[in-house]
Structure formats: structure tokens, C-alpha cells
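>>> give me coordinates for this.
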Amino acid sequence: MGVGSNSPTQMLALLSSHGSKVTQVGRSIIDGVAVKGYSVIPNRRYELSTLQKEHVPASLKAGAEKLAKSTSSKYTVWIDHSNLMRRMNMAMTIPTGPKHTGIENITMDFTHYGILAQIVPPPKSQVASYAQFTKAEEKASASFQ
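Residues are numbered from 1 along each chain as shown. Have a look, this model is predicted:
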């Protein structure tokens, strides 16, 4: 079992074995499906060492490292009896300036397992290269300082 595992419970066990804090938070119902919830507080050292092994552009790796070192995050995942993730919540505290922090809270629900998705690519006018994206991100970040 590795980072590419498709099993949410195996991934939780992997994270726990590498020092992340994984705790069961209880049971719930999501869209009529019974689920078990788990809270995950990632081990930053493990996240950073894993990032070093990834084959990504140096600029992306540097930005991800900076973000990982300056943020705190917590995930809550909800898994059903078929071992399918039904919901994931990610809460992050992110520094937005020398004396300010922002809180980002994202919840994703996973539904319609086994149903073929119809995906239409966006028009070229709505697509940017990675270099264009990072340039826009740097410009936006500078406006917060």
C-alpha cells in the first residue's frame, strides 16, 4: 500500500503510521448513506518529505513547501460501508500577511459512484498555461502584502 492507494481506510492507516493524528469522530448519514467519520491532522514532516520525492517543477515544489510550512490543516473524511469516501472537509489556516491569517474551509461530497461522467473541456479562451497561472498568483499574492 502506498500513496496511490484507492482505499480511504488504507490511506488513513498509512497516514497514521507516518505520524498523522487520525481519530474516529463518529457516525452520520450523508445522502441517506450511513458513514463513519475520521479526523486527520497531517504530520507536516511527512508531508514535506513526500513532497521532496514528487516529480514536479521546482517552482511548484517551492511554493508548496512554503505553504506547508506556514499553514495548519485538518481534514475530516466520511467513509461508507463499501469503503467509499462520501465527504471530505478540509480546514486550513493560512497566513495572509505579517499580522493576518485567513481560514479556508472546503467541503466536497462524492456521489454517483460507478456512473460514467460526461466531461466537456473548457474553451481555449478559458485555459491558461502553468506559467500564466503562477504569474497571476504572484501578482494576487503581492496585493495582500
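>>> check the spatially closest residue to residue 33 that is not a sequence neighbour and give its pLDDT.
Leaving aside its chain neighbours, residue 33 sits nearest to residue 80 (5.1 Å; criterion: Cβ to Cβ, 6 or more residues apart in numbering). In short, each C-beta sits where N, CA and C put it, glycine included. Note on residue 80: pLDDT of 95.
>>> surely residue 80 and residue 31 touch.
No: Residue 80 is beyond contact range of residue 31, at 9.9 Å (criterion: Cβ atoms under 8 Å).
>>> list the contacts for residue 136?
By Cβ atoms under 8 Å, 6 or more residues apart in numbering, residue 136 lies in contact with residue 128.
>>> which stretches of the protein have low pLDDT?
Along the chain, segments meeting pLDDT under 70 span 1-6, 51, 55-56, 143-145.
>>> go with 80
Residues of the chain that meet the criterion pLDDT under 80 lie in 1-11, 14-15, 18, 44-71, 95-98, 100, 137-138, 140-145.
>>> and the lengthiest strand in it, how far out from the chain middle?
Counting by DSSP state E, the longest strand found in the chain is strand 85-97. Taking Cα atoms, centre = their mean, to the nearest Å, one finds strand 85-97 lying 7 Å from the centre of the chain it belongs to.
>>> quick check: next helix or strand after it?
strand 100-109 (DSSP states H and E).
>>> from the chain's centroid, how far away is that next one?
When distances are taken as Cα atoms, centre = their mean, strand 100-109 is centred 11 Å away from the chain's centroid.
>>> hey, C-alpha coordinates of it in PDB?
C-alpha atoms of strand 100-109 as PDB (Å, rounded to 0.1, in the frame of the first residue of the first chain):
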ATOM      1  CA  HIS A 100      -3.200  38.400   9.500                       C
ATOM      2  CA  THR A 101      -4.500  34.900   8.800                       C
ATOM      3  CA  GLY A 102      -7.300  33.500   6.700                       C
ATOM      4  CA  ILE A 103      -9.300  30.400   7.200                       C
ATOM      5  CA  GLU A 104     -10.200  28.300   4.200                       C
ATOM      6  CA  ASN A 105     -12.900  25.600   4.700                       C
ATOM      7  CA  ILE A 106     -13.800  23.400   1.800                       C
ATOM      8  CA  THR A 107     -16.300  20.500   1.800                       C
ATOM      9  CA  MET A 108     -16.600  18.100  -1.100                       C
ATOM     10  CA  ASP A 109     -19.300  15.500  -1.400                       C
END
